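Enquirer: All I have is the shape, not the residue letters:
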């Protein structure tokens, strides 16, 4: 049998995947599982998404333009204009989710073995996109005790080598739930200009900024226009994860041309889903406000409950809908599995993502879990009841 | 400004892309352009595709399983069973078009600089998928005067090196329109088993087999189960190019596991389009029969008209809906552009894909064009009128 490629052999399985069989077994035993393990919001997808699809009934479901349907590109550009970052439709290329956007950007900017610096903990799939395109992730440690803030410039510079091509941030952060202040972005501008690097910013959670804080896009960094690339998606913004509609936004014409040629190779993004996406991009700001309000109340509930649990540490999260939480356990892989396999509280348990998968060295996340607060408050409360009871039972069972 | 990657710099633009501005300019001058340049069929998408999407109105448009919606995987497996190649749903992974299927298979099987042998002329995007994953295409010349038949085994073996990992075929062929007979597949089996290679078969045109000939899938090659990987799509089969729903099919569990991990990194294929895809996979064989009948009559018209044009050579095509046609011109790039820029016949002209883009060395295709016979017969007839008049006018204008 022919050998698989090295990347196929070393490609990490999703940090959640290995727990799935245990969650399924729990359900088969009649245990309800609260899913705090995946960033799949429960917010209703705006009905206009489906209305637009219903109305558009083409005779022939044809390829769209490789860069996306022109009216969708214009709708996305108009959205960026509304939020204060004017771009032309030509500076937007529609992709099949932010995932494809990241793959295209990685392949456009990096040769095999080129390095990309990513503050960790980071979204586990960044590792996969790097492997797919043979780039190398260089993690920059950020710490829970500092609310995962970016370290001083010197810490970045220690990692920069002749092979460094880019810095990638996720803002607000998955899995940290941290919104970067403008000063952090200005620090990044200084680094990328000094070392001639790309700054790739995954801003799919842009509207999920709480406590009166404003999200700042890297698109606003003056003087860095040729360095800045944004990857984006309708998945979280419009609760349309299944649409797989994202985009690359950049004012660097060379990058956009390379991305377009990659986009041409895969022909086009899905047509019907683009039609739905165009409709939701027309939603007013008030849509986001009501969604954010709901998430703030969930976040408040989460933080309050976690603060009451002994030995649990959670930074003050102010963006996205995740928190990296430190638990009083020595091995969150074991604890998360135990919660599914050996524990139930009032007929239910909770599934979380073990923290190790969000670090290049899983040891660093061994005592952490990522919690996605994507359930309504009633369910989230019950999920917290399960976690609280589970931590006690775990200790009583003699586990550390 | 940071440099682009080498692959971004060398990634070929689509062979059609450079002509698009000329086609647009022709339309603006009021000239009708017959599009024989792209494999976008005009056959109506089965209405049940849209009916299924209309009926399925989820509250939340959620991620599907990374390997695709379970019922779709079962529908695809059932289809393979019906056509005589039994596979389990676990041997099917749904992808975002055959394009993604090919990218995943390339990344799973090949390390950077590993080599893949592809009979040429070949689908231009194979080059792009190779570059994206840093594999290296090694072309195997097939000739128009032999109807693009596969050469003897010795010709393959001349190209095999320690870095050769796979052979890729497209059957029936894009751009050649050639259906490989069973003997050709058996020849390939001998080679891949002797040299321990993967055999990747792009079979998106499977149902487009004419003249009473049967399409044979590599899935039927006994003893080669662990070597054989099929990439497939609903784009042509169900005239649903815009859906971007394809799949990888293989009985090699290691390959499927690697493909699944790549699939997890991009989360999922588009949900609504998968719902439509599931509905069309339920169509009976008679659907394909009527489509094939239509294409046969178009093919017959095309071959008849081409045979009447002086200096034009077209092999007897018996599959897909393409033909690589040799024209009495020295530079088909120039001719195709001239047809758009400087020519009209009764207010119309024809757009074709210059042949060079389908060869690793464009010189080899310099006198050829790819014709996609995806227009109804009335339009195809007018397109042939344009080509015939165009060739005469081109010669009269002093071009060769």
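Expert: Yep, it's here. Only a predicted model underlies this, so the values are computations on that prediction, with no experimental measurement involved.

Enquirer: CA atoms for contacts and neighbours, from now on please.
Expert: Fine.

Enquirer: which residue ranges form the strands in the stretch 151-300 of chain A?
Expert: A:164-170, A:198-202, A:228-233, A:246-250 (DSSP state E, counting those that start in this stretch).

Enquirer: Quick one: those as TSV, columns for mean neighbour count, mean pLDDT and distance to chain B too.
Expert: Listed next are the strands of the stretch 151-300 of chain A as TSV, based on neighbours: other CA atoms under 10 Å in any protein chain shown; pLDDT from 0 to 100; distance: least, CA to the nearest CA, whole Å:
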stretch	mean neighbour count	mean pLDDT	distance to chain B
strand A:164-170	24	97	7
strand A:198-202	25	98	7
strand A:228-233	26	98	10
strand A:246-250	27	98	12
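
Enquirer: Does the helix or strand of chain A with the lowest mean pLDDT reach chain B?
Expert: When the helices and strands of chain A are scored by mean pLDDT, DSSP states H and E, helix A:6-10 comes last with a mean of 87. Yes: residues of helix A:6-10 are located near chain B by CA under 8 Å from any CA of the partner chain, namely A:6-9.

Enquirer: Take those and write them to TSV, including neighbour count.
Expert: Output for the residues of helix A:6-10 next to chain B, formatted as TSV (neighbours: other CA atoms under 10 Å in any protein chain shown):
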residue	neighbour count
A:6	15
A:7	22
A:8	27
A:9	16
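
Enquirer: Considering the residues you listed, which is situated nearest to residue B:268?
Expert: Residue B:268 lies nearest to residue A:8 out of these, by CA to CA, at 18.2 Å.

Enquirer: which residues of the stretch 1-150 of chain A fall in strands?
Expert: A:32-35, A:92-95, A:115-120, A:136-141.

Enquirer: cool, and the stretch 301-400 of chain A?
Expert: According to DSSP E, counting those that start in this stretch, the strands that the stretch 301-400 of chain A contains are A:322-326, A:348-351, A:353-354, A:368-372.

Enquirer: So which of those strands is nearest residue B:177?
Expert: Going by CA to CA, the one of those nearest residue B:177 is strand A:353-354, 49.5 Å.

Enquirer: could you give the mean pLDDT of the closest one?
Expert: Mean pLDDT, strand A:353-354: 96.

Enquirer: Now do that strand: which elements does it pack against?
Expert: helix A:332-341, strand A:368-372 (3 or more CA pairs under 8 Å, 6 or more residues apart in numbering or on different chains; DSSP states H and E).

Enquirer: Just the buried residues of the longest one, please?
Expert: Read that as helix A:332-341. A:332-333, A:335-341 (16 or more other CA atoms under 10 Å in any protein chain shown).

Enquirer: What of stretch A:292-305?
Expert: For stretch A:292-305, using 16+ other CA under 10 Å, the buried residues are A:292, A:295-296, A:298-299, A:301-303, A:305.

Enquirer: neighbouring contacts of that stretch?
Expert: Residues from elsewhere that reach stretch A:292-305 (CA atoms under 8 Å, 6 or more residues apart in numbering or on different chains): A:207-210, A:314, A:316-317, A:321, A:373-377, A:380-381, A:384.

Enquirer: among those residues, which are in helices?
Expert: A:377, A:380-381, A:384 (DSSP state H).

Enquirer: Can you go through the residues you listed and name the buried ones?
Expert: So, by 16+ other CA under 10 Å, the buried ones in the ones in helices among the contacts of stretch A:292-305 are A:377, A:380-381, A:384.

Enquirer: re the thing from before, quick check: which of the strands of the stretch 1-150 of chain A is buried the most?
Expert: strand A:92-95 (a mean of 28; mean count of other CA atoms under 10 Å in any protein chain shown).

Enquirer: so what secondary structure elements neighbour that strand?
Expert: If you count contacts as 3+ CA pairs under 8 Å, 6+ apart, strand A:92-95 packs onto helix A:70-82, strand A:246-250, helix A:253-265.

Enquirer: picking that back up, any chance of the strands of the stretch 1-150 of chain A in a markdown table, with distance to residue A:54 and mean pLDDT too?
Expert: As requested, the strands of the stretch 1-150 of chain A are exported to a markdown table (distance: least, CA to CA, whole Å; pLDDT from 0 to 100):
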| stretch | distance to residue A:54 | mean pLDDT |
| --- | --- | --- |
| strand A:32-35 | 31 | 97 |
| strand A:92-95 | 21 | 98 |
| strand A:115-120 | 41 | 97 |
| strand A:136-141 | 43 | 96 |
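
Enquirer: Of those, which is nearest residue B:176?
Expert: Nearest to residue B:176 among the strands of the stretch 1-150 of chain A is strand A:92-95; the distance by CA to CA comes to 30.0 Å.

Enquirer: Pairing partners for the closest one, with directions?
Expert: Applying DSSP bridges, strand A:92-95 is found paired with strand A:246-250 (antiparallel).

Enquirer: re the thing from before, so which of the helices and strands packed on strand A:353-354 comes closest to chain B?
Expert: Evaluated over those, closeness to chain B peaks at strand A:368-372, with 15.1 Å, by CA to the nearest CA.

Enquirer: Centre of the chain to stretch A:214-221, how far?
Expert: Chain-centre distance of stretch A:214-221: 17 Å, with CA atoms, centre = their mean, to the nearest Å.

Enquirer: Over to stretch A:32-41?
Expert: Using CA atoms, centre = their mean, the offset of stretch A:32-41 from its chain centre is 15 Å.

Enquirer: For that stretch, give me every contacting residue.
Expert: Outside stretch A:32-41, the residues that reach it (CA under 8 Å, 6+ apart) are A:16, A:23, A:26-27, A:236, A:239, A:241, A:321-322, A:340, A:347-353, A:370-375, A:379-380, A:383, B:62-63.

Enquirer: repeat that for 6 Å
Expert: A:348-353, A:371-372, A:374, A:383 (CA atoms under 6 Å, 6 or more residues apart in numbering or on different chains).

Enquirer: mind giving me the domain split of chain A?
Expert: Annotated domains of chain A cover A:6-44+A:286-396, A:47-280 [automatic domain parsing].

Enquirer: export those to CSV and tack on distance to residue B:161?
Expert: As requested, the domains of chain A are arranged in CSV below (distance: least, CA to CA, whole Å):
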stretch, distance to residue B:161
domain A:6-44+A:286-396, 19
domain A:47-280, 22
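
Enquirer: Tell me which of the ones you listed sits most buried.
Expert: Most buried of the domains of chain A by mean neighbour count (mean count of other CA under 10 Å) is domain A:47-280; its value is a mean of 21.

Enquirer: Quick check: end-to-end length of that one?
Expert: Domain A:47-280 has an end-to-end distance of 9 Å (criterion: CA to CA, to the nearest Å).

Enquirer: Repeat that for stretch A:226-243.
Expert: End-to-end distance (CA to CA), stretch A:226-243: 30 Å.

Enquirer: what two of the buried ones among the ones in helices among the contacts of stretch A:292-305 have the greatest distance between them?
Expert: Counting by CA to CA, the most remote pair of these is A:377 and A:384, 10.2 Å apart.

Enquirer: Next to chain B, which bits of the stretch 101-250 of chain A? Give me the list.
Expert: Residues of the stretch 101-250 of chain A found near chain B (CA under 6 Å from any CA of the partner chain) are A:108-111, A:125, A:128, A:133, A:196-197, A:240-244.
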